[in-house]
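S.K.: sequence and computational prediction follow.
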Amino acid sequence: MKAADFRRIALSLQGAEEGSHMGAADFRVAGRIFATLASEKHGYGNLMLTPEQQADFVRELPDVFLPIPGGWGRMGATHIRLAKTSEDVLAGALRTAWKLRVEKNTRPKRKRAPRRG
């Protein structure tokens with residue numbers, strides 16, 4: 001797969017739009033980023049997953065998925081090696097990241113407790 005495939009599949013998801021974040025292509029649904037091509041020059045696409053989802057993907061296909069180094073990776077941000085993935089795997093991974101953002105946007109917002117002092 002190539003960056004063009006990543007872009008095509010990401011934009012095929014309902015409500016997905018391409019934007020730019022810090023000079024790199026990103027893909028959003030309802031204003032929230034679910035994937036980027038920030039690491040395109042290194043052959044990666046990036047997915048915004050939960051840490052649990054990331055662990056599942058890495059465990060199942062360690063040659064395809066790896067955590068992004070540092071704090072973002074510990075929060076679930078995950079590289080996908082474009083040259084080593086198939087269209088089905090890429091589509092499934094993008095759909096997982098997209099669905100996570102859609103679900104976050106449809107949850108009722110918690111009310112914050114008033115600040116004291």
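M.R.: All right, it came through fine.

S.K.: residue ranges of the strands in this structure, please?
M.R.: With strands called from DSSP state E, the chain shows them at 16-21, 24-29, 32-36, 44-48, 65-67, 77-81.

S.K.: which ones are touching the residue most central in space within the chain?
M.R.: For the chain, the residue sitting closest to the mean C-alpha position, by C-alpha atoms, centre = their mean, is L47 at 2.1 Å. L47 sits next to F34, A35, A77, T78, H79, I80, A93, L94, T96, A97 when contact means C-beta atoms under 8 Å, 6 or more residues apart in numbering. To be clear about C-beta, it is placed using only N, CA and C from the backbone, and glycine gets the same treatment.

S.K.: now tabulate those in CSV and tack on pLDDT.
M.R.: Supplementary listing: the contacts of L47 in CSV, determined by pLDDT from 0 to 100:
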residue, pLDDT
F34, 98
A35, 98
A77, 98
T78, 98
H79, 98
I80, 98
A93, 98
L94, 98
T96, 98
A97, 98
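
S.K.: name the nearest of those residues relative to V64.
M.R.: I80 (6.1 Å; C-beta to C-beta).
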